[in-house]
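**Q** Predicted model and sequence below, questions to follow.
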Amino acid sequence: EDVDKGDFEYLMLKEIYEQPDVFERILKERLDDTFIHFPELKFGKEYLARVGRILIQACGTSLNAGMIGRMYLEQFAHISAETDYSSEWRYRNPLASGDSLVVGISQSGETADTLAGLREAKAKFMRVLSFLNNINSTMARESDAMISLMAGPEIGVASTKAFTAQVLNLLFFSLYVGSIKWLMPAEERRTVLDEIRALPDKMRTILKSHERIKEIAEFLKDKNDTIFLGRTYNYPSALEGALKLKEISYIHASGYAGGEFKHGPLALVSQNVPVVIIAPQGEIRTKMISNLKEAQSRGGKIISIITEGDEEIKRESDFYVEIPPCQESISPLLVAVPLQLLAYYTAIARGCDVDRPRNLAKSVTVE
Ligand code: G6P
């Protein structure tokens, strides 16, 4: 392939490093001093004000982004939202009322199951909004309205910058709908917008921790199984971190909601099954420390993702990566970066071709 990798060994790494620039581009397009803009969105404010329920359907990484988006819709837009795999959703009987909106999320805009879900929704007379990176795709043509992810072409099979762009656009969309549907307190809104503006520089700071992450990869590379734990906003981060690792390094990895750890996964923990604990500052941090201790007392080695300066968790961890301080709701956008790098460097340490993982395709156009 002739795609320019720049100074990077693999396209995936290049795409990981592009994220701060992608975020700056999205910020420039979407946000001015106080207002959020979606010029391409064909739905008017009157319609959006009437939406009472959002059904998100997507596959793979795009669904993980959708799960974070669901929390944003509930938190910032006050809309009830649910998520499902497209391949499941289309065979259910989703009882949608007139105020339901179906949201599809897709990097390629061509994934067979997501497209089938979209068609199923339309056949049931539901409106469809798609979040798409490829805006010249089949889904773009068949949706009632579309939001452009603006991540730029993503070529590496394992999705990275499209994922964070999906989460960021879902966050902006939730705030946008929130400003139509209810009066979000001005102070709260300002704080979130300031947090968003700070993201590109915070991502750049995280990218500088690659040496530390390489050391963790050296430790992980000989393992066969790993567990990723997170809660609330970072439960989907755990799913995505595990998905990235298995996709490109072929190490078995499962993500769980921290609260479910004791209900089964804890049985797997041993010296050879490390546990990645996602525990940035915020409401659920102390719960994540409980998970850490549960794993540790069974001999599990701990890799933690923490907020800078969290000495307590550092002391308890075998390895840690720090992210700059931010609000808990915003943290998945930062947590994604070390998890991508961890998967990347582990795959490299195992000699894998990260841009062409075995058995996987960038776009799955068959069901
Ligand atoms: C494939 C890719 C994944 C992607 C998923 C959904 O499995 O390998 O990286 O998340 O399809 O793709 P989409 O284009 O719909 O986001």
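**A** In hand now; what should we look at?
**Q** Would you map the strands across this structure?
**A** For the chain, applying DSSP state E gives strands covering 53-58, 80-85, 100-106, 127-132, 145-148, 225-230, 252-257, 275-279, 302-307, 319-323.
**Q** Go through the second one and flag the buried ones.
**A** Of the residues in strand 80-85, those buried by neighbour count under the rule 16 or more other Cβ atoms under 10 Å are 81-85. C-beta: built from backbone N, CA, C; applies to glycine.
**Q** Could you say which of the strands of the chain is packed most deeply?
**A** Mean neighbour count (mean count of other Cβ atoms under 10 Å) peaks for strand 275-279 among these, with a mean of 30.
**Q** what angle separates it from strand 252-257?
**A** Going by axes from the mean of the first three to the mean of the last three Cα atoms, to 10 degrees, strand 275-279 is angled at 30 degrees with respect to strand 252-257.
**Q** avg pLDDT for strand 275-279?
**A** Mean per-residue pLDDT for strand 275-279: 98.
**Q** What's the end-to-end length of stretch 203-214?
**A** Stretch 203-214 has its terminal residues 17 Å apart, counting by Cα to Cα, to the nearest Å.
**Q** now do stretch 306-318
**A** End-to-end distance (Cα to Cα), stretch 306-318: 13 Å.
**Q** Please enumerate residues in contact with it?
**A** 219, 274, 277, 279-281, 285, 289, 292-293, 296, 301-304, 320-326 (Cβ atoms under 8 Å, 6 or more residues apart in numbering).
**Q** Could you check how far the residue sitting nearest the centre point of the chain is from the ligand?
**A** In the chain, the C-alpha nearest the mean C-alpha coordinate belongs to A65, at 3.8 Å (Cα atoms, centre = their mean). As judged by Cβ to the nearest ligand atom, to the nearest Å, A65 and the ligand stand 9 Å apart.
**Q** and if you look at D84?
**A** Counting by Cβ to the nearest ligand atom - D84 and the ligand are separated by 14 Å.
**Q** Just give the nearest non-adjacent residue to that residue, would you?
**A** Excluding its sequence neighbours, the residue lying closest to D84 (Cβ to Cβ, 6 or more residues apart in numbering) is Q57, at 5.6 Å.
**Q** for R92, same thing?
**A** Closest residue in space to R92, ignoring its immediate chain neighbours: D84 at 7.2 Å, by Cβ to Cβ, 6+ apart.
**Q** For that neighbour, list the residues it contacts.
**A** With contacts defined as Cβ under 8 Å, 6+ apart, D84 is in contact with 55-57, 63, 92.
**Q** For the residue nearest to the centre of the chain, give me its contacts.
**A** Taking Cβ under 8 Å, 6+ apart, we find A65 in contact with 58, 105, 163, 166-167, 170, 236, 240.
**Q** quick revisit: quick one: the strands of the chain as CSV, columns for distance to A361 too.
**A** Formatted as CSV, the strands of the chain follow (distance: least, Cβ to Cβ, whole Å):
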stretch, distance to A361
strand 53-58, 16
strand 80-85, 17
strand 100-106, 14
strand 127-132, 18
strand 145-148, 23
strand 225-230, 24
strand 252-257, 20
strand 275-279, 27
strand 302-307, 29
strand 319-323, 30
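**Q** L199 is nearest to which of those?
**A** Nearest of the strands of the chain to L199, taken as Cβ to Cβ: strand 319-323 at 10.8 Å.
**Q** Up against the ligand, what does the stretch 51-200 of the chain have?
**A** 59-62, 106-108, 111, 114, 157-159 (Cβ under 6 Å from any ligand atom).
**Q** Need these in TSV (columns: pLDDT).
**A** Formatted as TSV, those follow (pLDDT from 0 to 100):
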residue	pLDDT
C59	98
G60	97
T61	98
S62	98
S106	98
Q107	97
S108	97
T111	96
T114	97
V157	89
A158	94
S159	96
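**Q** Let's see the ChimeraX selection covering just the buried ones among those residues.
**A** This is how ChimeraX selects the buried members of these, with burial counted by 16+ other Cβ under 10 Å:
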select :59,60,61,62,106,107,108,111,114,157,158,159
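**Q** can you pull the contacts of whatever residue of the stretch 201-350 of the chain ends up closest to the ligand?
**A** For the stretch 201-350 of the chain, the residue closest to the ligand is E247, as judged by Cβ to the nearest ligand atom, at 7.0 Å. Listed by Cβ under 8 Å, 6+ apart, the contact partners of E247 are 157-158, 343, 357, 360.
**Q** re the thing from before, out of the residues of the stretch 51-200 of the chain next to the ligand, which two sit at the greatest distance?
**A** Farthest apart among these by Cβ to Cβ are T114 and A158. That separation is 17.8 Å.
**Q** Just give the nearest non-adjacent residue to R119, would you?
**A** E142 (7.0 Å).
**Q** so of the residues of the stretch 51-200 of the chain next to the ligand, which ones are in helices?
**A** 60-62, 114 (DSSP state H).
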